[in-house]
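Peer 1: 3D model of this:
(chains A and B)
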2 protein chains.
Amino acid sequence: MVKQDRAIRTRKNILEAAARVFEERGYQAATIAEILGAAGVTKGALYFHFESKEQLAQGVLHEQDQRFVTPDRACKLQELADVVLLHAYRLQSDPMVRAGVRLTMDQHAEGLDRSGPFLRWSQVCRGLLEEARDQSELLPHVVPSVTADVVVGTFAGVQSMSQTVSEYQDLRSRSSALLRHLFPSIAVPSVLASLDLSEQRGEAVYEEIRLQLRRQPAAAVS
Amino acid sequence: MVKQDRAIRTRKNILEAAARVFEERGYQAATIAEILGAAGVTKGALYFHFESKEQLAQGVLHEQDQRFVTPDRACKLQELADVVLLHAYRLQSDPMVRAGVRLTMDQHAEGLDRSGPFLRWSQVCRGLLEEARDQSELLPHVVPSVTADVVVGTFAGVQSMSQTVSEYQDLRSRSSALLRHLFPSIAVPSVLASLDLSEQRGEAVYEEIRLQLRRQPAAAVS
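Peer 2: Residues are numbered from 1 along each chain as shown, chains lettered A, B, ... in the order given. Just a heads-up that it's a prediction; the model follows:
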């Protein structure tokens, strides 16, 4: 058990170092030697967990959508909004999430399949939209797969614009504005009127999850 | 006059070569030597027009939003939709536009101010939204500056997702889906019902402009 704990910690160290190096240098320019240096582990330890630079990048990409799970909501469109606003909050505050998103948007990362996060996020959104449809939250013309891609693609651009013009300082207000523009064409009016799409929502959800995790330490994820 | 024509042609050659090199290699990795090779011009000719790699990139960035002007429409929200759908069509079909957009989204382009296109596109959209508001096309809560940034940011993400998952094959349908999601929270219903937000719109506007330019050859831009 102790041995296993150590392996998990080492893997986490390596991924955090890889995240920092990829974020600073870009995928193409980053080298395994730099990641080794930043992680402060042996070559053997690194190759035990990751066989190549691409596997390291896939590890970072995977972290962005796995670490924090939005709590279940009775209203599935609120849950969808929470997914987006929580992600925006974490993008501002967690280097690992930021590194994953930047890798996803790195057009010059040759040989790295970057479609994974787009497709995984799309699936999450599509699932929530299908549940929302089943409990009559959606306007009748909404096609969950199409709307899921619109939510994911638009958020990708809003975060990119926020990074470019303000280094993410305005990401929360931009994310809230995004949802206020999208949801009127998705939700029936009675649901729309009940949603919290505010700038503060992401941080509130984050604190809610942290409190939950503190109560059940066995389920801690970070 | 002939000399001036030649200078314009040379400048255009250089920018097209720079666009190709930036698109293939990324801003950071691209060199002036490669651009010289691709353009087939002398060092003197290149430096006469552009003093640095950054100036070359700014030239490419500038081309994406200057070359084709959307025709005036009585309905300003249709004009806004036309701007977006025409840009999507040209992104699929014009390497110079594609290179400009990819430079804008290139996170590892150190020392290159990439905020210009975001801000210029935002200004264009904001202007159209203000005109739309003045002729009562907008829902009362719409703030043109906020909505302009949502339109620009969301389109940036939709094109990026389309590039990643389909190499732009599905860009027209994604752009149409984007506008069908955004405009219900922007336009009053009577205007909304009159808009053409279809996938075919971008190409139709492109052909309309080409026809106009052929009739007035003096105003040709490309």
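
Peer 1: By neighbour count, which bits of the helix or strand hosting residue A:153 are buried? Give me those.
Peer 2: Element membership of residue A:153 [criterion: DSSP states H and E] is helix A:144-166. By 16 or more other C-beta atoms under 10 Å in any protein chain shown, the buried positions in helix A:144-166 come out as A:144, A:146-165. For glycine as for every other residue, the C-beta is placed from the backbone atoms N, C-alpha and C.

Peer 1: swap in stretch A:124-135?
Peer 2: Neighbour counts using 16+ other C-beta under 10 Å place A:124, A:125, A:126, A:128, A:129, A:131, A:132, A:133 of stretch A:124-135 among the buried residues.

Peer 1: Quick check: closest non-adjacent residue to the second one.
Peer 2: The reference is to residue A:125. Excluding the flanking residues, the one nearest residue A:125 by C-beta to C-beta, 6 or more residues apart in numbering or on different chains is residue A:148, at 3.9 Å.

Peer 1: how big is the angle separating the helix holding residue A:153 from helix B:144-166?
Peer 2: 120 degrees (axes from the mean of the first three to the mean of the last three C-alpha atoms, to 10 degrees).

Peer 1: Now do the contacts for the spatially closest residue to residue A:158 that is not a sequence neighbour.
Peer 2: Nearest non-adjacent residue to residue A:158, counting by C-beta to C-beta, 6+ apart: residue B:153, 4.1 Å away. Going by C-beta atoms under 8 Å, 6 or more residues apart in numbering or on different chains, residue B:153 touches A:154, A:157, A:158, A:160, A:161, A:162, A:174, A:178, B:118.

Peer 1: Quick check, pLDDT for the first one.
Peer 2: Right, the one you point to is residue A:154. Looking at residue A:154, its pLDDT is 96.

Peer 1: Which residues are in contact with it?
Peer 2: By C-beta under 8 Å, 6+ apart, residue A:154 lies in contact with A:178, A:182, B:153, B:154, B:157, B:158, B:178, B:181.

Peer 1: Am I right that residue A:73 is in a helix?
Peer 2: No - Residue A:73 sits outside any helix when classified using DSSP: H, G, I helix; E, B strand; the rest coil, being coil.

Peer 1: Could you count how many residues lie near it?
Peer 2: Residue crowding around residue A:73 was assessed by other C-beta atoms under 10 Å in any protein chain shown; the count is 14.

Peer 1: can you tell me which residues contact residue A:10?
Peer 2: Residue A:10 neighbours (C-beta under 8 Å, 6+ apart): A:41, A:45, A:49.

Peer 1: The last one and residue A:43: what is the separation?
Peer 2: The spacing between residue A:49 and residue A:43, counted by C-beta to C-beta, to the nearest Å, is 11 Å.

Peer 1: Compare these two (neighbour count), which wins?
Peer 2: Set side by side, residue A:49 and residue A:43 show more neighbours around residue A:49, with 18 against 10, by other C-beta under 10 Å.

Peer 1: got a list of what residue A:21 touches?
Peer 2: Counting by C-beta under 8 Å, 6+ apart, residue A:21 has contacts A:30, A:34, A:35, A:38.

Peer 1: just to revisit the earlier point, would you reformat the contacts of residue B:153 as JSON lines and include distance to residue A:207?
Peer 2: Conversion of the contacts of residue B:153 to JSON lines gives the following (distance: C-beta to C-beta, whole Å):
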{"residue": "A:154", "distance to residue A:207": "26"}
{"residue": "A:157", "distance to residue A:207": "28"}
{"residue": "A:158", "distance to residue A:207": "23"}
{"residue": "A:160", "distance to residue A:207": "27"}
{"residue": "A:161", "distance to residue A:207": "27"}
{"residue": "A:162", "distance to residue A:207": "22"}
{"residue": "A:174", "distance to residue A:207": "21"}
{"residue": "A:178", "distance to residue A:207": "22"}
{"residue": "B:118", "distance to residue A:207": "32"}
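
Peer 1: nearest to residue B:4, of those residues?
Peer 2: Set against residue B:4, the nearest of the contacts of residue B:153 by C-beta to C-beta is residue B:118 (32.8 Å).

Peer 1: From the contact counts, what lies against the helix or strand harbouring the closest one?
Peer 2: Residue B:118 belongs to helix B:115-134 when elements are defined using DSSP H and E. Other elements packing on helix B:115-134 under the criterion 3 or more C-beta pairs under 8 Å, 6 or more residues apart in numbering or on different chains; DSSP states H and E are helix A:144-166, helix B:53-66, helix B:76-93, helix B:95-104, helix B:144-166.
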